[in-house]
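*Asks:* give me coordinates for this.
(4 chains, ligands or ions: 6)
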Amino acid sequence: MKANHSSVSVALAGSGGAGVMTAGNMLLEAAAAAGYYGLMTRTSGPQIRGGEAAAMVRVSTFATDAQDDRFQVLAAIDWQNVNRFATELPLGPESILIGDQAHGEPPEVFTKTGARYFPVPLKQLAGQVQGGWPNMIALGVLAGLMGLPAQALEAAINKAMKKGVEAGIAAAKLGLAQAANLDGFKLKEIPAKSSRWLITGNEAAGYGALRGGVRFVAAYPITPATELLEWLSPALTKVGGTLVQAEDELASINMALGASYGGVPALTATSGPGLSLMIEALGLGVTAEVPVVVVDVMRTGPSTGIATKSEQADLNIALYGLHGDAPHIVIAPNSLSDCVAATEWAVGLAESLQVPAIVLSDQYFGQARAVVDVPAFEKKSFHRAKANSNGQPYKRYALTDSGVSPMAIPGTPGITYTADGLEHNERGTPSSQSGDHLAQMEKRARKISQLDPGDAWASIEGEGDVALLTFGSCTGPAREAFARARAEGFDARLVSLRMLAPAQPAKLKQALAGVKRVLVLEQNHSGQFLRYLRSEYELPGEVKSLRRPGPLPFRPEEIYREIVRP
Amino acid sequence: MKANHSSVSVALAGSGGAGVMTAGNMLLEAAAAAGYYGLMTRTSGPQIRGGEAAAMVRVSTFATDAQDDRFQVLAAIDWQNVNRFATELPLGPESILIGDQAHGEPPEVFTKTGARYFPVPLKQLAGQVQGGWPNMIALGVLAGLMGLPAQALEAAINKAMKKGVEAGIAAAKLGLAQAANLDGFKLKEIPAKSSRWLITGNEAAGYGALRGGVRFVAAYPITPATELLEWLSPALTKVGGTLVQAEDELASINMALGASYGGVPALTATSGPGLSLMIEALGLGVTAEVPVVVVDVMRTGPSTGIATKSEQADLNIALYGLHGDAPHIVIAPNSLSDCVAATEWAVGLAESLQVPAIVLSDQYFGQARAVVDVPAFEKKSFHRAKANSNGQPYKRYALTDSGVSPMAIPGTPGITYTADGLEHNERGTPSSQSGDHLAQMEKRARKISQLDPGDAWASIEGEGDVALLTFGSCTGPAREAFARARAEGFDARLVSLRMLAPAQPAKLKQALAGVKRVLVLEQNHSGQFLRYLRSEYELPGEVKSLRRPGPLPFRPEEIYREIVRP
Amino acid sequence: MNAPITSPALTAKDFKSDYKPVWCPGCGDYSVLTAVTKALAMLELRPENVAVVSGIGCSSRIPAYTTCYGFHGVHGRSLPAGTGLKVARPDLTVLVASGDGDGYSIGGNHFLHACRRNVDLTYIVMDNHVYGMTKGQPSPTTEPDWSSKLAPGGTGVREFHPLVIALASGANFIARAFSGDPNGVAALIVEAVRHPGFSFVEVLSPCVTFRPEQRGWKESARPAPVAYTDDPARAARRLMTDDGFNIGVLYKGRRAPFAGLPAAPTHSLADLEGGFRL
Amino acid sequence: MNAPITSPALTAKDFKSDYKPVWCPGCGDYSVLTAVTKALAMLELRPENVAVVSGIGCSSRIPAYTTCYGFHGVHGRSLPAGTGLKVARPDLTVLVASGDGDGYSIGGNHFLHACRRNVDLTYIVMDNHVYGMTKGQPSPTTEPDWSSKLAPGGTGVREFHPLVIALASGANFIARAFSGDPNGVAALIVEAVRHPGFSFVEVLSPCVTFRPEQRGWKESARPAPVAYTDDPARAARRLMTDDGFNIGVLYKGRRAPFAGLPAAPTHSLADLEGGFRL
Ligand SMILES: Cc1ncc(C[n+]2csc(CCOP(=O)(O)OP(=O)(O)O)c2C)c(N)n1
Ligand SMILES: Cc1ncc(C[n+]2csc(CCOP(=O)(O)OP(=O)(O)O)c2C)c(N)n1
Ligand code: SF4
Ligand code: SF4
Ligand SMILES: [Mg+2]
Ligand SMILES: [Mg+2]
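*Replies:* Numbering: from 1, shown residues only, chains lettered A, B, ... in the order given. Ligands and ions are numbered 1, 2, ... in the order given. Take a look at the predicted model:
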């Protein structure tokens, strides 16, 4: 068996209590310990807890947060209801199925892909080790199939298990031995190991918030944003901040506004249903010019939808959901690890422009765990312009050229004022005069439209007269598709937008100069991104929409085909 | 003085308690009694009650709900703070100012327009009548200046006053006599009097709701939608329905959904801040396929904005405010009296497509009172498709060709089901399968996209290679501008969209065939309508945006200039 | 389309659907489901004349597990939806089901106002002192010192007292039940449905997954020591000092329920046009 | 930027801004404004160290009429905004102002949870039993038989009892005031601000425009016949039977307030990265 794979994807499935997530996490840790990059995503049945589940682990010699086209290995502790995951676990004739004869044959939906079946007596082998479990045998088999070294596996088990380490290691080694008998998918060696983190998108966004200066968070739990909050709660306490669990999302966003009005950068995190409830207060942030950040970890909509699955369909509400003309910021991280920088940036923009900012993450980023290179942080400084008394009557909403007016922070004498969601004049006094309304509308629009995001507005890769436009978690598979095309000598342009609002027509125009064919890639049904692009930009050449709703992620192969299509 | 005016606009201003609204209403009634069309709008200062106010009355020989370019007469009981209304009361050199010397001279902001000032001793004259009031004198003056007959004035006073009718009439007659001394603006005679209503847009929308079959309303008061609810409350009781005052908008929209689920067509009315709070539940209506109608009487935004003034800036939230992909209906009445038919239609569409519908009215329509021709109602029948047991397992969300699936109404045996905002399969059972999600997304999109609104989607008037696109209350001044242009031999196309969602690209394409120049008219700052048009349609030729935020309405003259501009 | 008068009596089984609940094995909500179906059979209702309305949460999944009409709405809004339904359709029996997060946290305002409004429906809250569905965060009824990922060491916030709030807001019937005794829960639901106006049944329903210690509720729950009162002041005194484990009807009021849609119109649409006509 | 230690004592006038209120002549809220400014002077605070947070309504216009920092937010959300502010800035004195519509109707849920949470702020509700700003609709405290355009003949819905709800939810200080006696209101606000935790002052503040009969409140309001209690059960009994016109402090609790932002960090950001590092 040659070590010629630069990426191997395996899935481990089984019913509740089988320990597939535990084993999946250890496999990821083992891959990391061996110097590889890795990504783990998960899926489970409808049960609140304990039903069938699958851990999907991809190990690679290159950094990626995308799932591959197919899984090389699907292993199952048992096959109970695993067929429900068939669409999420694409296999091919080169794939192999691992299962325990004691639990019957693999479901037809998997065997009909042409995947070869190799039974392994997981249960029986586990019985050979005192305190051994079938999932640890499976872990060993999977690690062995990829060619992960035994030491890495041991290290991972040591790190993860509180008790039963010996038994775990013994069982995993039995699994490793089984793998030696099988045709595997050995990973290429990875040369130098860079400095890495093991992190989920939710943790990354939480950390980005803290880097941006957030010290107050108010929130209401909601899948798939809850882990972001659960990571932030103790972390905030450590850095001198706090998290308040609010009674609902109306409270959480208004608490955040109150704290921010008090001078403390503030954030909340939620998903679609919660964002819906925050719309009114976001408008208050716009009019009263109080910075605030909302991280929307998008899930499948509309309404309650599918709480545990991903989709990119909150673009409309994020961009256009507010009543009235309410200019604000919308930022989308374009990789799992970019959740750090994108959230930090959003906080900086909110603070420096005194405006609400929405970060569009999604369930895919939020709940996936990946080995990533430690991000290089730029030293940008975004600060809230604070006012001090100069003896003049204070104009909170002064009509400055930039549209930004220095803000008085409670406690500062001589410049007290009332922040107001009613239309107002420069002093902040409510006004129903059309002149004041127009002047303040223009001020609020100006501070957003004058913003120059530099190169941060998008990541642009490649050359050529085909361009693919996308955002968020579709970027990962697109990057991989581009790499494949490029490897075959076909270059094209990948433009992944990070700044969705304000739109950057001049920059996109430049990025698309000379382009003849535009592909617009997004994970939703109605083409929200396409519609947004059409309304804000002039797209050159022939435009094709590549879209489908969640939860199935785009695979590199399908994007690749569209890029190179003659 | 020749009776050669087809339209006269007058304003009566004064401080709190001066009775300007009472007099304005009587003037409107008198005009109606004399066979004219009329329109009354109002403005007032920031005080909750009693501050300065102005009644603006336009009387005309043709039906219109637009304000004219300028006021022919500005009368003031006193001038206290009336200058605050200067931008709302445009005057010209042909205009006249009426005021009482006892209250000083008219403010410079009015005199500098070139308007001539004619003092009338309102107070002193009122003193001549036992129980007489200056506002009744002013009423007489204004009626006289337009040439309204004394009988019409008497009839109006008789109708409006509970006591003091004699004194009122006597005072008004003194005013009439004063007018005889002045150069007035006599109205042309109006030939045959058609059958008319005197109605506000809010009443019209309320009546349209009842015509559509609405029998349950739940709502929370908000300016400027409150009068719609106040009209509906007793009216509903009469027709066998009811109105529940909810604790907030979250409750009102969910109550409406509950009633509608029970088979009773249901509605709520609100304005921007309230609509913001209804967003989540509207998504539920989409996913669970429960019809519901929301009338959004738009006011100046964003946030609390200017509660008492008009703007067309809730288009974004109405079209795109829902999280996830949530196809629904958005309808805009294009005249005050169209509030009846548009709302009735919205109810019919919601019911027959089992989907939420939003009606975009605005403060201008809602609170203006006008003499209108009794609308001719089409006999369309829109019904909710109801299911009955046929012995088969009931599929509430069956994948029909039309996308509409017959709905079981509680009480019907054999076909019970659970309506669900979770994604589900045809039976309504929650499902996180991508296949079910896609199928249901397509079903929900299909029923909207397959809808053929016939000619009702827009009103299209005129010919030529210039087209003006607009919606809602901008249509009135546009119609008047077109009439003027046409009178000068310059024809153009006016397309006022009534159906905003779903978009009707094929119909608009046809309507714009051959057009070289497109004007897009809307009353908001960011060009929401323009952006919507760009994203949904291919606009031919050169496109120009005519827009400004509220509250000042567009005047026919400024639109006219843009149409005929070489 | 009403059921024929001679239809045979139904049993609890006829009210249980064949969907497999997503609940964890041992979850208290299974017994509540059993109790609801028993109660409906005891009330001699037919599934098509009953609607079960809920919000979002493990507990709020209950409607589809019955054979009644169900409305599984958005988080926290079960009471408004149930209110709209009952006012519009006074002929239906409406049960509103909720959890401590759905009903007392995000839905707290509707609880206050539903108690005041006194629409004739029955409100059943499955209280497990935790957010089960979102995997273990503190709810309003959670003890202040219960440690969780979101609030390590506890929230420090005093528990919400649902029965006291219900009484203070004007609920017309207040009972506490324990899911460990499904027959007892059923009997209380029957009484609640029969009582006119807004009836509130708080059901202690353990979350075995995130609050396994609640298995101990079996030991704490006991019949209330005294019979219910119809005097709000007396009920207040009792409920303010109650330890949360007295089971039974605790208060019954005599307020008249909120009126539903009138049976028949008194005017035609044309009559209304009269108001506009010149 | 703190005020110099030697700054001269301020008077009520120093807390009154020069904006002309939009209120109707005779509105009870004028006296509440006076009382607030007097109380702040009596508390020897400085305007820059006080924040007045409100929602939407006539009453909610109060922040800008003071010289303090003000936050005039959206309808019904004054308490969350005030909570966020006070938790983030424990050094400030935070007054939250509301009306019976803003605070008890749309804002009812935040009221419940603010009482429980016990953040150290003072909540002043100007209760006029009507929606003044939107021109005369029934509020939660409106009498069930009060006829209005929206509810001809009355809503038929039982009034909301704010003090009972506050107590039931855990408020730490409960008082009722009457705007007809601004000095009395001021004294109660002083006491409320000084009491740690969540202090609730319900102020009967007539709407002379839509409820002119409330001018008669002058006759009804009287000092509470007994001194306040710190026993919730006793307070409950009193408040349940109280006719709504007993003025004074009615309950004082001893719960510890909710903690604000910690004074200093214990870790650096780099420390947190340790958790991700491989
Ligand atoms: C608007 C909104 N916010 C948050 C959520 C996430 N959420 C779903 S269920 C739930 C809590 C449920 O708790 P509870 O009512 O006690 O039900 P349990 O699961 O404990 O039975 C939350 C916060 C949501 N679905 N919608
Ligand atoms: C979300 C939302 N809904 C409704 C309104 C309209 N509104 C403004 S003030 C108000 C009621 C205020 O009543 P209250 O708090 O008693 O204040 P008052 O005017 O009586 O002092 C309402 C319903 C609004 N501004 N925002
Ligand atoms: S998580 Fe708790 S409440 Fe939810 S189903 Fe499991 S045991 Fe029941
Ligand atoms: S309407 Fe009533 S509450 Fe509002 S300012 Fe006037 S008197 Fe005061
Ligand atoms: Mg719970
Ligand atoms: Mg009030």
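*Asks:* contacts and neighbour counts: CA atoms only from here.
*Replies:* OK.
*Asks:* which parts of the stretch 101-250 of chain C sit against ligand 3?
*Replies:* C:132-133, C:207-210 (Cα under 6 Å from any ligand atom).
*Asks:* please list the residues of the stretch 151-278 of chain C that sit near chain D.
*Replies:* By Cα under 8 Å from any Cα of the partner chain, the residues of the stretch 151-278 of chain C that approach chain D are C:156-161, C:164-165, C:168-170, C:232-234, C:236-237, C:240-241, C:258.
*Asks:* returning to what we had before: the residues of the stretch 101-250 of chain C next to ligand 3 into TSV, with extra columns for neighbour count and secondary structure?
*Replies:* TSV is the format used below for those (neighbours: other Cα atoms under 10 Å in any protein chain shown; DSSP: H, G, I helix; E, B strand; the rest coil):
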residue	neighbour count	secondary structure
C:Gly132	26	coil
C:Met133	21	coil
C:Cys207	27	coil
C:Val208	17	coil
C:Thr209	19	coil
C:Phe210	18	coil
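*Asks:* identify the farthest-apart pair in the residues you listed.
*Replies:* Greatest spatial distance among those (Cα to Cα): C:Met133 and C:Val208, at 12.4 Å.
*Asks:* A:Ser405: how many residues sit nearby?
*Replies:* 23 (other Cα atoms under 10 Å in any protein chain shown).
*Asks:* quick one: residues contacting it.
*Replies:* A:385, A:396-399 (Cα atoms under 8 Å, 6 or more residues apart in numbering or on different chains).
*Asks:* D:Ala81: which of these is nearest?
*Replies:* A:Arg396 (19.2 Å).
*Asks:* which residues touch stretch A:115-131?
*Replies:* A:77, A:91-102, A:106, A:111, A:132-138, A:164, A:167-168, A:170-171, A:174, A:178.
*Asks:* pull out the buried residues from those.
*Replies:* With burial judged by 16 or more other Cα atoms under 10 Å in any protein chain shown, the buried subset of the contacts of stretch A:115-131 is A:77, A:91-92, A:95-100, A:106, A:111, A:132-138, A:167-168, A:170-171, A:174, A:178.
*Asks:* which parts of whatever helix or strand A:Ala156 lives in are buried?
*Replies:* Using DSSP states H and E, A:Ala156 falls within helix A:150-160. Across helix A:150-160, burial judged by 16+ other Cα under 10 Å covers A:150, A:152-158.
*Asks:* can you tell me if it touches chain D.
*Replies:* No: Helix A:150-160 is not in contact with chain D by Cα under 8 Å from any Cα; minimum separation 11.0 Å.
*Asks:* now that helix - C-alpha only, PDB.
*Replies:* Taking Å, rounded to 0.1, in the frame of the first residue of the first chain, the C-alpha atoms of helix A:150-160 are listed here in PDB:
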ATOM      1  CA  ALA A 150       0.400   4.200  16.700                       C
ATOM      2  CA  GLN A 151       2.100   6.900  18.800                       C
ATOM      3  CA  ALA A 152      -0.200   9.600  17.500                       C
ATOM      4  CA  LEU A 153      -3.100   7.400  18.300                       C
ATOM      5  CA  GLU A 154      -1.800   6.700  21.800                       C
ATOM      6  CA  ALA A 155      -1.200  10.400  22.400                       C
ATOM      7  CA  ALA A 156      -4.800  11.200  21.300                       C
ATOM      8  CA  ILE A 157      -6.300   8.500  23.500                       C
ATOM      9  CA  ASN A 158      -4.200   9.700  26.400                       C
ATOM     10  CA  LYS A 159      -5.300  13.200  26.000                       C
ATOM     11  CA  ALA A 160      -9.000  12.400  25.600                       C
END
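*Asks:* tell me how far it lies from the chain's centre.
*Replies:* In terms of Cα atoms, centre = their mean, to the nearest Å, the centre of helix A:150-160 is found 28 Å from the chain centre.
*Asks:* for the record, mean pLDDT for that helix?
*Replies:* What helix A:150-160 shows for mean pLDDT is 96.
*Asks:* would you list the phi and psi of C:Ser98?
*Replies:* C:Ser98 adopts backbone torsions of phi -150, psi 180, taken as degrees, to the nearest 10.
*Asks:* show me what contacts it?
*Replies:* With contacts defined as Cα under 8 Å, 6+ apart, C:Ser98 is in contact with C:54-57, C:59-60, C:78, C:123-126.
*Asks:* got the contact list for the residue nearest to C:Tyr19 when sequence neighbours are not counted?
*Replies:* Once flanking residues are discounted, C:Tyr19 sits nearest to C:Tyr65: 5.9 Å by Cα to Cα, 6 or more residues apart in numbering or on different chains. Listed by Cα under 8 Å, 6+ apart, the contact partners of C:Tyr65 are C:16-21, C:33.
*Asks:* one more: A:Gly206?
*Replies:* By Cα under 8 Å, 6+ apart, the residues touching A:Gly206 are A:228-229, A:231-232, A:340, A:343.
*Asks:* now flag whichever of the residues you listed is closest to A:Ala251.
*Replies:* Nearest to A:Ala251 among the contacts of A:Gly206 is A:Leu229, at 15.6 Å by Cα to Cα.
*Asks:* please settle this for me: is the closest one part of a helix?
*Replies:* Yes: under DSSP: H, G, I helix; E, B strand; the rest coil, A:Leu229 sits within a helix.
*Asks:* pretty sure it contacts C:Ser148?
*Replies:* No: using Cα atoms under 8 Å as the test, A:Leu229 is too far from C:Ser148 to be in contact (11.8 Å).
*Asks:* out of these two, which sits in the more crowded spot?
*Replies:* The neighbour count for A:Leu229 versus C:Ser148, taken as other Cα under 10 Å, is higher for A:Leu229 (30 against 15).
*Asks:* measure that one to B:Leu198 for me?
*Replies:* Remark: distance between A:Leu229 and B:Leu198 (Cα to Cα, to the nearest Å) = 57 Å.
*Asks:* cool, A:Leu257 as well?
*Replies:* A:Leu257 is 45 Å from B:Leu198, by Cα to Cα.
*Asks:* nearest to ligand 3 within the stretch 1-150 of chain C, name that residue for me.
*Replies:* Of all residues in the stretch 1-150 of chain C, C:Trp23 sits closest to ligand 3, at 3.5 Å by Cα to the nearest ligand atom.
*Asks:* burial count for that residue?
*Replies:* 24.
*Asks:* buried stuff in the helix or strand hosting C:Val53?
*Replies:* Element membership for C:Val53, per DSSP H and E: strand C:50-54. For strand C:50-54, burial by neighbour count (16+ other Cα under 10 Å) applies to C:50-54.
*Asks:* circling back: just the ones in helices from the contacts of stretch A:115-131, please.
*Replies:* Those of the contacts of stretch A:115-131 mapping onto helices are A:111, A:134-138, A:167-168, A:170-171, A:174, A:178, per DSSP state H.
*Asks:* can you put those in JSON lines and add distance to ligand 2?
*Replies:* Output for the ones in helices among the contacts of stretch A:115-131, formatted as JSON lines (distance: Cα to the nearest ligand atom, whole Å):
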{"residue": "A:Thr111", "distance to ligand 2": "56"}
{"residue": "A:Pro134", "distance to ligand 2": "56"}
{"residue": "A:Asn135", "distance to ligand 2": "53"}
{"residue": "A:Met136", "distance to ligand 2": "55"}
{"residue": "A:Ile137", "distance to ligand 2": "58"}
{"residue": "A:Ala138", "distance to ligand 2": "56"}
{"residue": "A:Ala167", "distance to ligand 2": "61"}
{"residue": "A:Gly168", "distance to ligand 2": "58"}
{"residue": "A:Ala170", "distance to ligand 2": "63"}
{"residue": "A:Ala171", "distance to ligand 2": "61"}
{"residue": "A:Leu174", "distance to ligand 2": "64"}
{"residue": "A:Gln178", "distance to ligand 2": "65"}
